[in-house]
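Participant: just to be clear, the model below is a prediction. Sequence and coordinates:
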Amino acid sequence: MKNFFVNIWKKVIREIKSEPPKKIIKNFLFTLLGSFLLALGTEMFLIPMKVIAGGSSSLALIISTSTKGALSTENLITIIYWSCFLIGLFALGIRYTLKTLVVTISNPLFIYLLNFITKNVVIDNAQILSLEYWASNGITLLNINLSPSLSTILCFLLAVIIGPIIEGVGIAIAMSRGGSSGGTDVFSLLINKYFKIRLGTSGFIVDSVIIFVGFFIVNGFNLPLTLFGVIASFILSLTIDRVFYSFNSTYVAYISSDKYEEINSYIINIANRGTTLIKSKGGYLQKETYLVETCIDKSEYYDIQKAILNIDPNAFIRVMKSQEVLGYGFTRNTPFVEDKKEKEKTK
């Protein structure tokens, strides 16, 4: 057991040293922001209206309902997060658990904080930040006093739409910085690891099981309520995809030019991007030349395009959007040199 924890500590130190301090701090702050938004969508929208859309909060609602509130939903979320963290530590290794550590610690704390705020921010005897309060006491909309029944429907629809969007943005922000939402995600990864099922499919299986169980326990065989949970789950997945790929928007450019050497030199020495020279042959003139391939960030796109056309106005540029680029300059700040000769040259 001692050797196990010693090895974990060594891996933690190695992971920390693999990134520069500024990037670690930046990633930590973004992950913290993502964790807060995840807690905001959960505590302010999904939990008050008991929306079963999959994930840790829905599992907590199921357990809380089946035990008749022996433990609060907030306490159960904390237990689920830490239980899943320990399962991931032993079953998936330290790399996964490091990604979930920030969210595992901060998300339950944010949930407790938001729960305290919604209960204690009271104006004229009204808990103005609580959807549950407005659903029970009625809402005034355009000078029309809605009955508690109509107010409940309105609040439920808001929870189904707004809650997953806020959660999705939070999860995407955390993921874009190498983090993870933790919790029941561990079961998706275990299914992926041991049954070789794609991660997207395994995540769908886990959420489907949670929603199916919620149909019996929380929703009381109410099919429309369950279908609203499915809609919320779909909105969550769609938001994660849209926001995550907007954070990781990169481009792959292919440049055909007689001045490929000058363009290659500019990209390497001025733009500080890597290139690949691909031997090519023109289809019309049958002239052999080189095609310059490079990956660029969206913020660099305009400047590099302008510089290339300044070097050669006749350059033929093809630019394709890439969902993700892994490697030096994009996901890490220092190149990993494997060749011993290259290591010796750098000494």
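Facilitator: It's in. These numbers were taken from a predicted model, which means no experiment stands behind them.
Participant: where do the strands sit along this protein?
Facilitator: Counting by DSSP state E, the chain has strands at residues 122-123, 126-127, 140-141, 144-145, 250-256, 275-281, 288-297, 316-322.
Participant: show me what the longest one is in contact with.
Facilitator: Counting contacts by Cβ atoms under 8 Å, 6 or more residues apart in numbering, the residues outside strand 288-297 that touch it are 250-258, 260, 263-264, 267, 271, 273-282, 304, 322, 325, 329-330. Where you see a C-beta, it was placed from the backbone N, CA and C, and this is true even at glycine.
Participant: do that again at 7 Å, thanks
Facilitator: For strand 288-297, contacts defined as Cβ atoms under 7 Å, 6 or more residues apart in numbering pick out 250-256, 260, 263-264, 267, 273-282, 304, 322, 325.
Participant: restrict that strand to CA atoms and write it as PDB.
Facilitator: C-alpha atoms of strand 288-297 as PDB (Å, rounded to 0.1, in the frame of the first residue of the first chain):
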ATOM      1  CA  GLU A 288       7.400  19.200 -59.100                       C
ATOM      2  CA  THR A 289       7.400  21.400 -55.900                       C
ATOM      3  CA  TYR A 290       6.600  21.300 -52.200                       C
ATOM      4  CA  LEU A 291       3.300  21.800 -50.400                       C
ATOM      5  CA  VAL A 292       3.600  23.600 -47.100                       C
ATOM      6  CA  GLU A 293       1.300  22.200 -44.400                       C
ATOM      7  CA  THR A 294       0.900  24.000 -41.000                       C
ATOM      8  CA  CYS A 295      -1.600  24.100 -38.100                       C
ATOM      9  CA  ILE A 296      -2.600  27.500 -36.800                       C
ATOM     10  CA  ASP A 297      -4.800  28.800 -34.100                       C
END
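Participant: buried residues in it, which are they?
Facilitator: Of all the residues in strand 288-297, those buried under the rule 16 or more other Cβ atoms under 10 Å are 289-296.
Participant: note down every partner strand of that strand and its orientation.
Facilitator: strand 250-256 (antiparallel), strand 275-281 (antiparallel) (DSSP bridges).
Participant: what do you get for the fourth one?
Facilitator: Based on DSSP bridges, the pairing partners of strand 144-145 within the sheet are strand 140-141 (antiparallel).
Participant: mean confidence for the partner strand?
Facilitator: Averaged over strand 140-141, pLDDT sits at 80.
Participant: can you check stretch 157-164 too?
Facilitator: 94.
Participant: can you give me the offset of it from its chain's centre?
Facilitator: 18 Å (Cα atoms, centre = their mean, to the nearest Å).
Participant: what are the contacting residues of it?
Facilitator: 41, 45-46, 48-49, 51, 53, 131, 228, 231-232, 235-236, 239.
Participant: please identify the deepest-packed of the strands paired with strand 288-297.
Facilitator: strand 250-256 (a mean of 19; mean count of other Cβ atoms under 10 Å).
Participant: what average pLDDT does that strand get?
Facilitator: For strand 250-256, the per-residue pLDDT averages 89.
Participant: of all the strands paired with strand 288-297, which lies closest to Leu142?
Facilitator: Closest to Leu142 of the strands paired with strand 288-297 is strand 250-256 (Cβ to Cβ; 45.9 Å).
Participant: now do the closest one and strand 316-322, the angle between them.
Facilitator: 160 degrees (axes from the mean of the first three to the mean of the last three Cα atoms, to 10 degrees).
Participant: just how off-centre is strand 250-256 within its chain?
Facilitator: On Cα atoms, centre = their mean, the centre of strand 250-256 falls 27 Å from that of its chain.
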